[in-house]
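> coordinates only, sequence not included:
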């Protein structure tokens, strides 16, 4: 039996229950060949877009990672400004990064470190909204709601909610991030949550030949309920229904199962949670997922930053290096763009408790893959690592970079909550055009 869950009454909240409205566990999954469904490609064609086989893996360092101890150690600065963990020589001549990043240092030739990434919102919620959507929102730090769709949701809207061949969701979150939702685009374009019941729903229960009858029954129920629905609920469910059936008839479940990976690859990543999430992200993008987000939090280091970095960095260092090696060995580098950032950087001067406070005027950003040149430092910071010395790279420039990589039209327009058409990106240039 099909069951609808309406915990989010008007389907405008950003919780896993949006993805669980269809209890697909009762329908089944196993033994299917690749689907011939073309729904995702059709959505993109209707929007006038050509769909590229490119993907983004967004590794979010929640809490505000220090730009100094990560990728801009500035050991020439006065002692109270420079990296408290020293620096590490990379395999790029003359380029050094934070002292605990020994493994990333060995794949630096496959990365680009941006040292002029900046904006002007040093609040956790506000900074997150700015970087995730390209738009500032001062009200969100005082309890406001996201007002703009995330880049992942925009990608899902334009490219379609599922890959047309595998049924894999176009946008998957492996851990929650504030402002990673669809805002006025509607819940159908929010991220598929890989945790909890949404993941469990991808299980075997019913044979394929029973899909058509059940889908016809659901269609009849929908038409009946639509007559009495005064809030547009069923219109929202239509998109979820399509996505659920696409997932069921595709090969999505295997992509979420890292146990199907080779022993050698699993060993290379290791058993740490972040590394396993990065491995799953690689499997997802290889299966056609266009946008994956991972949140590795704990970077709000107002005190004892040296001790906290020693605890937090090793897992990040290994997971990123393993992912970059893996993607390169599979010939996927140009198709997969890894973005490493957070909501802001940290104050350039160490405070009285040995930490650094919120600081958006210079923030953390590193990239790997895509079509522009790797093995470089982009931009330059001032001598005290407080603001960019070169032209600042903004969240909208990062957004334009991702649009370019995914083949999204920066002039695309959607209708907002006020019923007015808005450009999804009003300003911003791809980083490759700024250097």
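On my side now, so go ahead. As the structure is a prediction and not an experimental result, all values here were calculated from the model.

> separation between residue 322 and residue 295?
Noted for residue 322: a distance of 18 Å to residue 295, by CB to CB, to the nearest Å. Where you see a C-beta, it was placed from the backbone N, CA and C, and this is true even at glycine.

> Between the two, tell me which one has more neighbours.
Taking neighbours as other CB atoms under 10 Å, residue 322 and residue 295 compare with residue 322 leading, 23 against 20.

> check contacts around that one.
Applying CB atoms under 8 Å, 6 or more residues apart in numbering, we find residue 322 in contact with 103, 268, 269, 270, 275, 278, 279.

> Can you tell me the SS state at residue 316?
Reduced to three states with DSSP: H, G, I helix; E, B strand; the rest coil, the structure at residue 316 is helix.

> Enumerate every residue touching the residue lying closest to it once chain neighbours are set aside.
Counting by CB to CB, 6 or more residues apart in numbering, the nearest residue to residue 316 once its immediate chain neighbours are dropped is residue 296, at 6.2 Å. Residue 296 makes contact with 59, 60, 61, 62, 175, 274, 315, 316, according to CB under 8 Å, 6+ apart.

> Repeat that for residue 337.
Here residue 337 is in contact with 54, 55, 56, 57, 367, 368, 369, 370, 401, 402, 405 (CB under 8 Å, 6+ apart).

> So which of the residues you listed are in strands?
55, 56, 57, 367, 368, 369 (DSSP state E).

> Pretty sure the fourth one sits against residue 340.
This points to residue 367. Yes. Counting by CB atoms under 8 Å, residue 367 touches residue 340, with 7.4 Å between them.

> can you pull out the helices in the stretch 201-350 of the chain?
With helices called from DSSP state H, counting those that start in this stretch, the stretch 201-350 of the chain shows them at 211-228, 233-249, 252-255, 263-269, 273-286, 305-329.

> Show me what counts as buried in the shortest one.
Using 16 or more other CB atoms under 10 Å as the burial criterion, the residues of helix 252-255 that qualify are 252, 253, 255.

> nearest to residue 91, of those?
Closest to residue 91 out of the buried residues of helix 252-255 is residue 255 (31.5 Å), distances taken as CB to CB.

> Spit out the contact partners of the residue nearest to the closest one when sequence neighbours are not counted.
Spatial nearest neighbour of residue 255, chain neighbours left out: residue 287 (3.8 Å); criterion: CB to CB, 6+ apart. The contact partners of residue 287, taken as CB under 8 Å, 6+ apart, are 163, 166, 168, 251, 252, 254, 255.

> let's see it at 7 Å
166, 168, 251, 252, 255 (CB atoms under 7 Å, 6 or more residues apart in numbering).

> Check the gap between it and residue 260 for me.
Per CB to CB, residue 287 is found 11 Å from residue 260.

> my read: residue 113 touches residue 380, true?
No. Using CB atoms under 7 Å, residue 113 makes no contact with residue 380, being 11.0 Å away.
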